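Trainee: sequence unknown, structure follows:
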């Protein structure tokens with residue numbers, strides 16, 4: 001289970017590491033998990049990543065309704081695993097829209113309609129970045145915000161003037 005938090009607003013207000021001291025590299029992971037746990041509830045990353053090829057799953061809507069919101073949405077999405085080696089957590093998943101349009105009924109048929117667009121829903125999340133201390137031997141953890149796509153939504157298409 002990977003831990004990371006959601007942060008609403010700016011990073012500086014309300015966020016301070018309990019300990020901003022320099023640590024040996026082998027102690028960083030434990031310190032990062034402790035800091036993230038103390039500020040936020042854990043966020044399990046149980047999402048299954050997308051395979052190498054994917055497409056808009058219009059045919060899925062003719063079957064029994066799926067359980068997960070990501071599969072029931074008119075803008076379905078999957079997950080892609082990302083890695084940032086010098087951050088804690090070092091891996092996370094981000095959403096990726098499976099359709100450019102939205103799945104709608106037109107002329108009694110399910111189609112991907114491009115009268116509407118699938119758009120990412122983005123959330124600001126806090127990660128702890130590993131930074132080398134002045135002594136060039138130890139590290140400190142610095143909270144940083146990363147914009148992460150968490151889902152997709154159906155929007156009206158952009159109109160061109």
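Mentor: Perfect, thanks for sending it. Note that the structure is predicted; figures quoted are calculated from it, not measured.

Trainee: distance of the residue sitting furthest away from the middle of the chain relative to residue 123?
Mentor: Computed with Cα atoms, centre = their mean, the residue of the chain farthest from its C-alpha average is residue 107, at 35.7 Å. Distance of residue 107 to residue 123, computed by Cβ to Cβ, to the nearest Å: 37 Å. The C-beta positions use only the backbone N, C-alpha and C, and glycine is treated the same way.

Trainee: other SSEs contacting the helix or strand that contains residue 112?
Mentor: Assigning secondary structure by DSSP states H and E places residue 112 in strand 109-113. On a contact count with 3 or more Cβ pairs under 8 Å, 6 or more residues apart in numbering; DSSP states H and E, strand 109-113 meets strand 102-106.

Trainee: ok, the strand it packs on: who's next to it in the sheet?
Mentor: Strand 102-106 pairs in its sheet with strand 109-113 (antiparallel), by DSSP bridges.

Trainee: what about the partner strand, average pLDDT?
Mentor: The pLDDT scores in strand 109-113 average 92.

Trainee: quick check: buried residues in that strand?
Mentor: 112-113 (16 or more other Cβ atoms under 10 Å).

Trainee: helix or strand right after that strand?
Mentor: Later in the chain than strand 109-113, the nearest helix or strand by DSSP H and E is strand 116-132.

Trainee: can you map out the strands along the protein?
Mentor: Taking DSSP state E, the strands of the chain run over residues 5-6, 77-83, 87-88, 91-97, 102-106, 109-113, 116-132, 139-156.

Trainee: show the end-to-end separation of stretch 134-142, please.
Mentor: Taking Cα to Cα, to the nearest Å as the measure, stretch 134-142 stretches 14 Å from start to finish.

Trainee: any chance you could list what contacts it?
Mentor: Contacts to stretch 134-142, defined as Cβ atoms under 8 Å, 6 or more residues apart in numbering, come from residues 17, 20-25, 28, 31-32, 35, 88, 128-133.

Trainee: in ChimeraX, how would I select the buried members of those residues?
Mentor: The ChimeraX command for the buried members of the contacts of stretch 134-142 (criterion: 16+ other Cβ under 10 Å) is given here:
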select :17,23,28,31,32,35,88,128,129,130
